[in-house]
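In: Need a 3D model of the following:
(one chain, ligands or ions: 1)
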Amino acid sequence: MRRSMPMSALASLGYCERYFYLRYALGIAPAPGRALRRGAEQHRLSQSLDAARRYTREELPELVARLRDAESTVVLPREALHLSFYHGGLLFRGRADRVLKLRGVALVVEEKFVSRSSGRLRRSHEYQLLAYCHALKFGRAGYSSGRGVTWLPEDAFRLLRAKYMVVERCASTREVLFASSPRSYRRESFLPVLDRALGILKGEVRPSSRENCGNCSLAEVCVP
Ligand code: SF4
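Out: Got it, this is the predicted structure:
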């Protein structure tokens, strides 16, 4: 079985368990073109809105002190936080879109630039956001200062309550079209998701299939 996996794989699990099985247990990848272009465009749009202070490597002790300060507010630069955790011997790695520390809360935000709002928090986004929260509470967080990633002390986020939300912005005007209410991360609700992912990877759990597969990029190779 594989040893590491991107946290975005859990978004696939939330989209369709069979997709997750095809993609990560069997290693069947969709044609890269469209997904790559979309990822690059999302990154470009996200960076164009970034106004947060970027701490240098030398300033990281100050950042850590601010994260530990119960009264502080810290807005981290977009995509600056690298996150990881182990579960069942598998390393999950990811990079959160946005992380804000608001007094006693670490708020993880997944930001999507869309042409039309879905108007809801999709399960695929929720699983990925839960993975980021889980890493803040039980894994490791590294800060990208532009000169590589520096791992922060393990307690930098651990005492904070983790919450998550999705924001959808118009891809052309950047205006917010939808913002979900922040939800609280709960470890006991997320561990079964991780266990199910591992079970599917090991072939111990039969993945369920979706009924509406219209836009699936693996539809041609999927035989449920
Ligand atoms: S075609 Fe449908 S069942 Fe198959 S992987 Fe795609 S969404 Fe899942």
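In: hmm, which helix or strand of this structure has the shakiest average pLDDT?
Out: When the helices and strands of the chain are scored by mean pLDDT, DSSP states H and E, helix 32-48 comes last with a mean of 79.
In: and after that one, which helix or strand comes next?
Out: Once the chain leaves helix 32-48, the next helix or strand it forms, by DSSP states H and E, is helix 60-68.
In: which residues in the protein form strands?
Out: Here the chain has its strands, by DSSP state E, at 4-6, 73-75, 81-87, 90-95, 98-102, 105-114, 140-144, 149-151, 161-170, 176-179, 183-184.
In: Nearest to the ligand among these would be which one?
Out: Each of the strands of the chain has some distance to the ligand by Cβ to the nearest ligand atom; the shortest is strand 4-6, at 17.6 Å. To be clear about C-beta, it is placed using only N, CA and C from the backbone, and glycine gets the same treatment.
In: Tell me the strands beside that closest one, with direction?
Out: strand 90-95 (parallel) (DSSP bridges).
In: Please list the residues of this structure that sit near the ligand.
Out: Counting by Cβ under 6 Å from any ligand atom, the chain comes close to the ligand at 16, 18-19, 22, 209-210, 213, 216, 218-219, 222, 224.
In: Quick check: which ranges of the protein have low pLDDT?
Out: For the chain, applying pLDDT under 70 flags the ranges 1, 224.
In: go again using 80 as the cut-off
Out: 1-2, 32-36, 38-39, 50-51, 146, 223-224 (pLDDT under 80).
In: what packs against the least confident helix or strand of the chain?
Out: strand 105-114 (3 or more Cβ pairs under 8 Å, 6 or more residues apart in numbering; DSSP states H and E).
In: Only C-alpha atoms, please: export the strand it packs on in PDB.
Out: Taking C-alpha atoms only, strand 105-114 is exported to PDB below (Å, rounded to 0.1, in the frame of the first residue of the first chain):
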ATOM      1  CA  VAL A 105     -10.100  29.700  17.100                       C
ATOM      2  CA  ALA A 106      -8.100  28.500  14.000                       C
ATOM      3  CA  LEU A 107     -10.400  29.000  11.100                       C
ATOM      4  CA  VAL A 108      -9.500  27.100   7.900                       C
ATOM      5  CA  VAL A 109     -11.000  28.500   4.700                       C
ATOM      6  CA  GLU A 110     -11.200  26.800   1.400                       C
ATOM      7  CA  GLU A 111     -11.600  29.400  -1.300                       C
ATOM      8  CA  LYS A 112     -13.000  28.600  -4.700                       C
ATOM      9  CA  PHE A 113     -13.200  30.900  -7.700                       C
ATOM     10  CA  VAL A 114     -16.200  29.900  -9.700                       C
END
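In: Any buried residues in that strand, and which?
Out: Going by neighbour count (16 or more other Cβ atoms under 10 Å), the buried part of strand 105-114 is 106-113.
In: before we move on, back to that, in helices only, show me the residues of the chain next to the ligand.
Out: 18-19 (DSSP state H).
In: Select only the buried ones of the residues of the chain next to the ligand in PyMOL?
Out: Buried members of these, defined by 16+ other Cβ under 10 Å, are picked up in PyMOL with:
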select buried, resi 16+18+19+22+216+218+222
